[in-house]
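In: model the following, please.
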Amino acid sequence: MKLQIEKWVEENKPFKENEAANDLFEESVRCYKNGAYKSAFIMSYLSFKVTLRGRILECTYGKELVKPNPKFWEDEIIKKLEDDGSWENYLNTIVDASCSSSNKKEIAILDFTNGEQVKTAYNYWKNIRNDCAHAKGRITIDSSTVESFWNYLMDNLSDFYVLGGEEYLLRELKNLYQYYPFPEIVEQDSVKIIMNDVNAVYKKNSKDFFQKLFKKLEGRHNRKGQFVNNSNKKFWKDILEANHENVRQGIVEVISSDAMHFLNFYSYYPQLLELSVSLNSKFVVNDLCKWLNSSDYFTYDFKKNFWIVLVEILDRYTSHVDIKKVVNRQTLELIDSFEQDERNLRILNCNGVFKEYIFEVSSWFFKTDAGSQYDNYSRFQSREAELIELSFEYLEWDSECIRILNYALVDLESSMASRSNMYSKSNGSSYKIKCERIICKNKDKIMNIPDIDLKGYSEVFRILNSCNNE
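Out: This next block holds a predicted model:
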């Protein structure tokens, strides 16, 4: 039966880059299982110290430390830790200096949020180890001693990195993100392993970590809102599905606090909507609907997202959505990116989206007196009129739709009888042609409207009959 510490090592792989430390740990477990608790403790402690030594010696960013001596890293850190006779004592000196809250020495290359607490615990285990090794005084090492030290390892090992656990984790994740498209470079479980450290270091404050990570990832070649793509989607999936609730909650909080991030991630992880609402019950009302109300967020690859998100919140959180606030002239411009299917059309029409687009947002389209057509000439000739016509094809027609359209055509006929200006007549003729096209394109839908006598709508009825002659 595996011990808790064995399961932790398998999951977190703290010794994956240090064979010597791993061998020492495995030896400590064997000693523990055989009842040799003193040897088990000493082997575990040595695996801890060897791990810290290895982390510093293998640190790729140590030379970035700004010191008066340009050779500081090589002379004061690397050479002294490579000395097999004195490295352990020198490592103790580094940890002690790094725990100081003021007047830090140059060798204070580690960083701790609570230095005094780290120093007390570190020295406690160091002293027990020294007592064991040098047989000083009477000291009893039993199973509880070993287990307590293992608990110390599980809780604190992720803090011991150059410039601190936070800086290490940020750099490691940025590096993994950069090379994730190359599976031969990145190990399969690397991100999951780092999430274990994020949980250990940040606990319930992982949101702060991910805010810093997103800022670190933004750059000239990685604009805001474009973090996820097909080649790195598993990178983010491993974070969103991390074993620790604190980590999952932190990343979702950051994503759902920014429109561009949410829309980018939602393209790949639709579960984000439910996760965001579970963390913030007002998310749809206060944030998502506000974002949907602005076409600024829905450019390039995000155009389709407007409809995908709108359909989902109307289907799942209908009472949270005020259609009049979401549907406007700006978002009408996104209609050409709508990909229709039976479900999408049903949900959108059940909530009156296309009716709102056509008859409320575009009410100018149905004002057919000469003055209104003159005032709206530029709009009628623009792409906006084409989008209104396209919206009619998605509309679920009913008697109200027929009534409004017929009234506009009747009003037009009355107005045309008194027009003398050739341009005004041309405006009216253009409108009639467009309406004829709209009605004929949607003839089947109109003919299938239940409980309606189309003969009562003279102009629409006339055009429908003319469609038969084409």
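In: ramachandran coordinates for Gln340?
Out: phi -80, psi 140 (degrees, to the nearest 10).
In: I'd guessed it sits against Tyr394; true?
Out: Yes. Under the criterion of CB atoms under 8 Å, Gln340 makes contact with Tyr394 at 6.2 Å. Where C-beta positions appear, they are placed from N, C-alpha and C, glycine not excepted.
In: quick one, which of the two is more surrounded?
Out: For Gln340 versus Tyr394, neighbours defined as other CB atoms under 10 Å are more numerous around Tyr394 (18 against 11).
In: how about residues contacting the helix or strand bottoming out on mean pLDDT in the chain?
Out: Taking mean pLDDT, DSSP states H and E as the measure, the helix or strand of the chain with the lowest value is helix 329-332, at a mean of 85. With contact meaning CB atoms under 8 Å, 6 or more residues apart in numbering, helix 329-332 is reached by 292-295, 298, 306, 357, 361-362, 384, 387-388, 391.
In: grab the most central residue of the chain for me.
Out: Ile255 (4.0 Å; CA atoms, centre = their mean).
In: if I look at it, how far off is Ala121?
Out: Distance of Ile255 to Ala121, given as CB to CB, to the nearest Å: 35 Å.
In: on that earlier part again, biggest separation within the contacts of helix 329-332, which pair?
Out: By the measure CB to CB, Ser294 and Ile388 form the most distant pair in the contacts of helix 329-332, at 20.4 Å.
In: comparing these two, which residue is more hemmed in?
Out: Using other CB under 10 Å as the criterion, Ser294 and Ile388 rank with Ile388 on top: 23 against 12.
In: in contact with that one, which residues?
Out: 332, 357-358, 362, 365.
In: my read is that Tyr161 contacts Glu172, right?
Out: No. Taking CB under 8 Å as the definition, Tyr161 is not a contact partner of Glu172, at 9.2 Å.
In: just want to know which of the two has more residues nearby.
Out: Neighbours were counted for Tyr161 and for Glu172 using other CB under 10 Å; Tyr161 has more, 23 against 17.
In: which residue packs closest to the more buried one, ignoring adjacent ones?
Out: Spatially, and ignoring its direct neighbours in sequence, Tyr161 is nearest to Tyr168 (3.6 Å; CB to CB, 6 or more residues apart in numbering).
In: list the buried ones in the helix or strand containing the one you found?
Out: Assigned by DSSP states H and E, Tyr168 belongs to helix 164-179. For helix 164-179, the neighbour count (16 or more other CB atoms under 10 Å) marks 164-166, 168-173, 176-177 as buried.
In: stretch 144-164 now?
Out: 145-147, 149-150, 152-154, 156-164.
In: what does it rub up against?
Out: 4-5, 8, 14, 28, 32, 37, 40-41, 44-45, 48, 51-52, 55-56, 59, 61-62, 65, 95, 109-113, 118, 121, 125, 128, 165, 167-169, 196-197, 200-201.
In: neighbours around Val50, how many?
Out: Using other CB under 10 Å: Val50 sits among 22 other residues.
In: surely Asp287 and Ser256 touch.
Out: Yes. The pair Asp287 / Ser256 is scored as a contact, 7.1 Å apart, by CB under 8 Å.
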